[in-house]
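# Return atomic coordinates for the entry below.
(one chain, ligands or ions: 2)
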Amino acid sequence: MATSSDLEAARIARLPDTAYYIPDFVTLEEEINSVPLPRWTQLSHRRLQTWPSTLTKTNTLLAASLPAWLHESIVSPRLDTLGCFAGSPHQTPNHVLINEYRPGQGIMPHEDGSAYYPLVATVSLGAPIVLDLYEKGPDNDEKVNRNPAFRILQEPRSLLITTNELYTQYLHGIAERLTDEDLGVDSIANWEMLGDTQPYRNSSYERQTRVSLTYRDVLKVAKVGNSVKFLATGR
Ligand SMILES: O=C(O)CCC(=O)C(=O)O
Ligand SMILES: [Fe+2]
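Residues are numbered from 1 along each chain as shown. Ligands and ions are numbered 1, 2, ... in the order given. Sure thing, here's the model as predicted:
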């Protein structure tokens, strides 16, 4: 079982502090069983699920448990064993965003911001994808460069953790492309840590549908009465 010393061994040494990459974090069987329930919000560039609910305008989570298939299933206990949320206020994730990217879809460079403890744990399912990291601009909200400062290849079934300065000082995004190119030891920060470099022998691959489960700890949680809960969840 993965423990906190495994986390140290998984640090991506070529990146600013701090990112961790663990290939084969979930098994093929677990991957197949973790296909999310149909609760998608269609965005223009991808589909999104937010569990247990979207945050309020003041970035507050209305207290509610994550559904069992997200929280009691394999992933959360494994994250707890790794100890990655040990320093966060609730010591365990309380919020999960699930993104689906079809070929050609992506997510604009952005930062996840101060609503969350500065750590995101991302489980990738279905297909590989490249995550681009950009340095922040002088006004702290625009990317400096058109080109990413770093690129991380996320294999299906892998876990990627981004935290500390990498969370606060960089933007991250996924390019809207049909093919990820220029894949190799020079351009991919976690190349030596990949479970399988075979698919990238030709230094590129055609995108297929990829799903990401991004686990976070929302700092502000409000206990709510039943009436408010009803409004928030529609149940
Ligand atoms: O799909 C990913 O790996 C990144 C998703 C992301 O940046 C987000 O949901 O904030
Ligand atoms: Fe993000």
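# can we go C-alpha only for contacts and neighbour counts from here?
Fine.
# what bits of this protein have low per-residue confidence?
Counting by pLDDT under 70, the chain contains low-confidence ranges at 1-3, 32-44, 72-73, 138-145, 225-235.
# residue ranges of the helices in it, please?
4-9, 28-33, 68-71, 75-82, 164-169, 226-233 (DSSP state H).
# and Asp24, how many residues sit next to it?
Per other C-alpha atoms under 10 Å, the neighbour tally for Asp24 reads 18.
# Contacts only, for the residue nearest to Glu165 when sequence neighbours are not counted.
Nearest residue to Glu165, sequence neighbours excluded (C-alpha to C-alpha, 6 or more residues apart in numbering): Asp17, at 5.8 Å. Counting by C-alpha atoms under 8 Å, 6 or more residues apart in numbering, Asp17 touches Thr163, Asn164, Glu165, Leu166.
# now Thr27
Counted by C-alpha under 8 Å, 6+ apart, Thr27 has contacts Arg157.
# For this structure, what lies in contact range of ligand 1?
Residues of the chain lying close to ligand 1 (C-alpha under 6 Å from any ligand atom) are Leu97, Asn99, Asp112, Ser212.
# Sitting in strands, which of those do you find?
Residues of the residues of the chain next to ligand 1 located in strands (DSSP state E): Leu97, Asn99, Ser212.
# What residues does the second one make contact with?
Just to be clear, that refers to Asn99. Listed by C-alpha under 8 Å, 6+ apart, the contact set of Asn99 reads Arg46, Arg47, Leu48, Gln49, Val211, Ser212, Leu213.
# go on, the last one?
Under the criterion of C-alpha under 8 Å, 6+ apart, the contact list for Ser212 reads Ile98, Asn99, Glu100, Thr122, Val123, Ser124, Leu125.
# Could you do Pro89 as well?
Tyr117, Asp217, Leu219.
# So what sits opposite the residue nearest to the last one when sequence neighbours are not counted in the bridge?
For Leu219, ignoring the flanking residues on the chain, the nearest one in space by C-alpha to C-alpha, 6+ apart is Tyr116 at 5.4 Å. For Tyr116, the beta-bridge partners are Val218 (DSSP bridges).
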